[in-house]
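In: Here is a sequence with its predicted model. Questions after.
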Amino acid sequence: MRRTPVDLLIVGQGLAGSALAWQAAARGLCVHVIERPPVQGRRPSASSVGAGLITPITGARLALGWRFDEFRSATASFYERVAANTGTRCFTDRPALRWLSPAEEELWSQKCFKTPSLKPYLRAINPTGICRSSDPLQGPENIRPYEMPLAARVNLPLFLEVTRAWLEREQAFSFEEFAPQSAIWSATDAVWQVGGITARRIVLCTGYSPALLRIPFLAAKGELLEVSLPGQPSTHTWHHGAWATPQEEDLWLVGATYDPQHLDDQPTPEGRTELCTALEKLGVSRPQVISHQAAVRPAVPGQMPVIGWLKREDLVPSLPGHPPEATSAWGVINGLGSRGSLWAPLLADWLLDASTGARIPSEVDIHRFLASKPPVAKTPRGLAPQ
Ligand SMILES: Cc1cc2nc3c(=O)[nH]c(=O)nc-3n(C[C@H](O)[C@H](O)[C@H](O)COP(=O)(O)OP(=O)(O)OC[C@H]3O[C@@H](n4cnc5c(N)ncnc54)[C@H](O)[C@@H]3O)c2cc1C
């Protein structure tokens, strides 16, 4: 794949950077991806920790995700293509269960009365047969289970792994810490020079990176546990306050906390207690915890992602002026929050379309933030609104 100069230098091999690399290659573009070197073999990113759940109806307001069907269908086809290229399936159709209180049932029936097309996204199911008395997970009593048949899961660590292997085979990957001031514009060739790489455009897919990007982050740390639940049928993801989703064999992921105050990647005893308490409500009182991880979700105000092409000084603070002839040669995909798995592939496509003049939907256009100052995070600590 490697030609010189490359069409895109992608900074960050998380979900956003990986999705963009595949989408660009599918258009015949030549990419190079750089990722910061791990520290002592480890540097958790949101994508290496995140559970990858795709959930149509979320939060207390039982809201259907923005353009859900369009994103879901684009994401499913994207992972089909990745599977065809790598032989590895990272996407699984996996329905989810959610229990609704009487007030929530009332809210949902009102919503469906107003908008009947919502009904298939969350439908009441027969409580018998959901769980046997011998199963570790038990539904809460006296409230009804509903099913989201269109829920799914992306195995994010696996997706990062197969993407890295593909990029390395193509000699299109290197470990490097990107510093924006190190990018030198060569007017003669109309390319950016970054170390040994020359590129026509640079796209920052750097996740939560307030020192690098002039975006008003409203990020939140999330913690999750890997627990052993022997004998639990792995047909569904369970949502009831927290969520629990099956991995391989008897291992399940349980998450996730939501903490906008402590933006680091350290698992905490408080996070573990919070998740164990949530799991107790699903019938598991002393789970065998196999691992405990944390990372920061890159979110922005409004909980919508941001993409776009800009001048360097609009994207990165305190740098000298962008050469006038290099108009809008720096791109960004960020703000994936708790829905990156659903959003990343189509957003990457939209960004590439925009490089040839297509309009980015205003809801996700980075330009909505350019004049604003970072707001102060106000959300209290709690479980993620999945
Ligand atoms: C506990 C938890 C649970 C979650 N659960 C879900 C879920 O169920 N469903 C869902 O859709 N989403 C979930 N998410 C969110 C999801 O994981 C994120 O939206 C997504 O992974 C963000 O991807 P990203 O590529 O934007 O950022 P990141 O994953 O943070 O990737 C950014 C990459 O850029 C690299 N980088 C940064 N700066 C530089 C630099 N200067 N030079 C070189 N490289 C750099 C970083 O090392 C990193 O690898 C969860 C997140 C957490 C923490």
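Out: The structure has been received and is ready for your questions. Numbers count the residues shown, from 1 in each chain.
In: low-scoring stretches of the stretch 1-150 of the chain, by residue?
Out: The model of the stretch 1-150 of the chain has pLDDT under 70 over residues 1-3, 41.
In: What parts of it come near the ligand?
Out: Proximity of the stretch 1-150 of the chain to the ligand, by C-beta under 6 Å from any ligand atom, involves residues 11-17, 34-36, 43, 45-47, 49-53. No exception for glycine: its C-beta is placed from N, CA and C like everyone else's.
In: Show me just the buried residues among the residues you listed.
Out: 11-17, 34-35, 45-47, 49-53 (16 or more other C-beta atoms under 10 Å).
In: residues in contact with the residue in the stretch 101-250 of the chain that the ligand sits nearest to?
Out: Nearest residue of the stretch 101-250 of the chain to the ligand, counting by C-beta to the nearest ligand atom: residue 207, 2.2 Å away. Contact analysis of residue 207 by C-beta atoms under 8 Å, 6 or more residues apart in numbering lists 12, 14, 16, 45-47, 296, 298, 334.
In: Please apply the same query to residue 368.
Out: Contacts of residue 368 (C-beta under 8 Å, 6+ apart): 306, 362.
In: Looking at it now. What's its pLDDT?
Out: pLDDT for residue 368: 87.
In: what separates it from residue 342, distance-wise?
Out: Taking C-beta to C-beta, to the nearest Å as the measure, residue 368 falls 20 Å from residue 342.
In: How about the residue of the stretch 101-250 of the chain closest to the ligand, nearest residue that isn't a chain neighbour?
Out: Counting by C-beta to C-beta, 6 or more residues apart in numbering, residue 207 lies nearest to residue 298, which is 4.4 Å off, once chain neighbours are set aside.
In: my read: that neighbour touches residue 334, true?
Out: Yes: counting by C-beta atoms under 8 Å, residue 334 is a contact partner of residue 298 at 5.6 Å.
In: Those two: which is more packed in?
Out: Set residue 298 next to residue 334 and count neighbours by other C-beta atoms under 10 Å: residue 298 wins out with 31 against 28.
In: residues in contact with that one?
Out: Listed by C-beta under 8 Å, 6+ apart, the contact set of residue 298 reads 46, 207-209, 217, 219, 334-337.
In: Do you have the helices of the chain handy? List them.
Out: 15-26, 46-49, 68-86, 102-114, 156-169, 269-280, 312-315, 340-354 (DSSP state H).
In: would you put the C-alpha positions of the fifth one in CSV?
Out: Written as CSV, here are the backbone C-alpha positions of helix 156-169 (Å, rounded to 0.1, in the frame of the first residue of the first chain):
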residue,chain,number,x,y,z
LEU,A,156,-12.9,-3.8,19.8
PRO,A,157,-9.6,-5.2,21.0
LEU,A,158,-9.8,-7.9,18.3
PHE,A,159,-10.6,-5.2,15.6
LEU,A,160,-7.6,-3.2,16.7
GLU,A,161,-5.4,-6.3,16.6
VAL,A,162,-6.4,-7.4,13.1
THR,A,163,-6.2,-3.9,11.8
ARG,A,164,-2.7,-3.5,13.2
ALA,A,165,-1.6,-6.8,11.6
TRP,A,166,-3.0,-5.7,8.3
LEU,A,167,-1.3,-2.3,8.4
GLU,A,168,2.0,-3.9,9.4
ARG,A,169,1.8,-6.3,6.5
